[in-house]
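# whatever this is, show me its structure:
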Amino acid sequence: MIDPIHSLAFSIQANRGVYAVLLGSGVSRSAKIPTGWEVTLDLVRKLAGISGEACDPSPEEWFRKKFGHDPDYSELLADVAKTPTERQQLLRSYWEPTEQEREEGAKLPTRAHRSIATLVAQGYVKVIITTNFDRLMETALADVGITPTVLSTLDQVHGTLPLIHTRCCLFKLHGDYLDTRILNTPEELSSYPSEFDTLLDRILDEFGLIICGWSADWDEALRRAFFRAPSRRFATYWAVRGEPSESAQHLIDHRGAQAIAISDADSFFQSVQHLVQSLEEFSRPHPLSTEAAVASMKRFLSEPRFRIQLADLVADEVARVVDATRVEKFPVTGPPPDSASATSRVRAFEAISSTLVAMAAVGGQWTEEQHYSIWQRSLEKLAMPETSSGTVYVGSVYILWAGLQKYPGTLLLYAMGIGAVESDKLNLLGKLFSTPIHQEHKEVVVAVEVFPPSCMFEDAKIAQMLDGMEGRYVPLNDWIFNYLRVPFKMLIPNEKRFKVIFDKFEVLMALGCAYHAKRPDDWYWAPPGVFGYRYETRAVIFKEMEDSLAKFGDQSPYVMSSIFGDTAEVCGKGIANLKEFIPKLCWR
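Next comes the predicted model:
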């Protein structure tokens, strides 16, 4: 039988934006936000204290003996604080962190909140319902660049847009702790305003539901809404620790919900997020669609009259890649990357770019001069991914996310470049390398300064967190070599030949980057590649280049293509500088 959490991941991934999340107090547990019962016991202790009595070790037993019944959160709160304003001030300290708590990470967004925020940013979740007063969800959403439509009062519900038009709606059923109208007492929780009920009915009818951290014991009005729900268009998944309460079990049975046993909310939502991203990376275009795109491109390349059709074909695919990798779907802020999340994102980008890479591999071999501008426009488009306004990168943990936004463009340049090197189309390579890239608020650079793996990050070794790349000096270069072997299997079937062509492309890329970069004469740098530790291959490549310059001089293809110089002398100096530079790097 399929694990329920796997079924949930499939449902979320296949139905983007269809599932709403209902969060109870248990989701904030690891943030040390107290549950209603913990607040109750704390209030009992304070009540005993001002009464001059000791209630420990069992505040509950003391209260029972003192008042003749079990302590009840809502009733006790109504007794000790008579007005909503008084209750708000009393409860404030339970949700706002002190400086010490902030340093300890208490009362701050949990892994669960951050995983949900990531699912929202990627478009999988649009609606969040919560019975919690805290603002942990809002903070987590803000950290990934999302400003939700928050509904916690009657006025806000009156003025809200239809759910379909909101990027994220956060429906705080019981209010916000900074609002004096929060719902606490049994009387307050027994019914909602009719406008709340109407919106809640729509959500329960039109959305699938993921419930976590809600016992269903206290909230009579919310329980009634479940029983009112007329249909079950989409499934309900209820995450429970241990056995569900009697109230929860009644709702599970009524809703036909799938119960998912969990250890805690943090690991549950983090697992869901990673599973959904894994499914996304596996959902690459069907091979037939890729083959059809490549076949169409070959036909369009065969005759000049198809130039417009070729341009449209490539532009449409580039637009699809750009849309699929938008920052809303792959945020550059939020939880820092680890090996699993970094590897998952890289593979997701590769899945999204697979058709474009297959087209570029063939295009590099057969593209003629009249088509060069098509691919240059593609590189320029991929070099300028969208970013969230106001995003602040804190330390290297966010550099990986930001740098990887250019990864589809890097894959395009590699695929085109390897195809061009294989077919001796050095003029195409020179055009690709010199493609102007207009950066916002920065000077114009060229593509060969933007897309090399070592140019994507301030510290290229950050890519060592990719699965299997630990300890690699050029981890992303090694990763790309392994990835591109598959799409080039038919075009370059010989393994040794592919290695030589790949290394030659990276050598030319290093030479081109050093040539185009505006650096002082006394400071030399070129992006390293796998050629750095593949000594024998590198020696063969350098010898072939030097022989060509010696034999043909300024008529050498390396000069005519202007990849790394416009005279044989300049090109020869570039090779000498790179050869001198390589031993200075600490190769492994």
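
# shaky segments in the stretch 201-350 of the chain?
Per-residue confidence of the stretch 201-350 of the chain (counting by pLDDT under 70) places the weak regions at 231, 281-288, 334.

# show me where it has its strands.
Assigned by DSSP state E, counting those that start in this stretch, the strands in the stretch 201-350 of the chain fall at 208-212, 236-240, 258-261.

# likewise the stretch 351-500 of the chain?
In the stretch 351-500 of the chain, the segments counted as strands under DSSP E, counting those that start in this stretch are 436-437, 445-446.

# of those strands, which stretch is the most buried?
Highest mean neighbour count of the strands of the stretch 351-500 of the chain: strand 445-446, a mean of 20 (counted as mean count of other C-beta atoms under 10 Å). Where C-beta positions appear, they are placed from N, C-alpha and C, glycine not excepted.

# turn the strands of the stretch 201-350 of the chain into JSON lines, columns for mean neighbour count.
JSON lines is the format used below for these (neighbours: other C-beta atoms under 10 Å):
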{"stretch": "strand 208-212", "mean neighbour count": "23"}
{"stretch": "strand 236-240", "mean neighbour count": "24"}
{"stretch": "strand 258-261", "mean neighbour count": "16"}
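
# look up phi and psi at residue 172.
With angles defined as degrees, to the nearest 10, residue 172 sits at phi -90, psi 90.

# now the strands of the stretch 351-500 of the chain as CSV including distance to residue 59 and mean pLDDT?
Formatted as CSV, these follow (distance: least, C-beta to C-beta, whole Å; pLDDT from 0 to 100):
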stretch, distance to residue 59, mean pLDDT
strand 436-437, 66, 92
strand 445-446, 66, 92
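
# between those strands, which gets nearest to residue 15?
Of all the strands of the stretch 351-500 of the chain, it is strand 436-437 that lies closest to residue 15, at 37.5 Å by C-beta to C-beta.

# got the buried residues for stretch 571-587?
571, 572, 574, 575, 577, 578, 581, 582 (16 or more other C-beta atoms under 10 Å).

# swap in stretch 529-537?
Neighbour-count burial for stretch 529-537 flags 529, 530, 531, 532, 533, 534, 537 (criterion: 16+ other C-beta under 10 Å).

# closest to residue 492 out of these?
Within those, the smallest distance to residue 492 is 14.5 Å, found for residue 537 (C-beta to C-beta).

# doesn't the closest one lie inside a helix?
Yes - with DSSP: H, G, I helix; E, B strand; the rest coil as the criterion, residue 537 is part of a helix.

# Provide a list of residues in contact with the nearest residue to it once chain neighbours are set aside.
Distance criterion C-beta to C-beta, 6 or more residues apart in numbering; nearest residue to residue 537, sequence neighbours excluded, is residue 503 at 4.8 Å. By C-beta atoms under 8 Å, 6 or more residues apart in numbering, the residues touching residue 503 are 529, 530, 531, 534, 537, 538, 541.

# about what we covered before: turn the buried residues of stretch 571-587 into JSON lines, including secondary structure and distance to residue 323.
Shown next, in JSON lines, are the buried residues of stretch 571-587 (DSSP: H, G, I helix; E, B strand; the rest coil; distance: C-beta to C-beta, whole Å):
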{"residue": "571", "secondary structure": "helix", "distance to residue 323": "40"}
{"residue": "572", "secondary structure": "helix", "distance to residue 323": "45"}
{"residue": "574", "secondary structure": "helix", "distance to residue 323": "38"}
{"residue": "575", "secondary structure": "helix", "distance to residue 323": "41"}
{"residue": "577", "secondary structure": "helix", "distance to residue 323": "41"}
{"residue": "578", "secondary structure": "helix", "distance to residue 323": "38"}
{"residue": "581", "secondary structure": "helix", "distance to residue 323": "39"}
{"residue": "582", "secondary structure": "helix", "distance to residue 323": "40"}
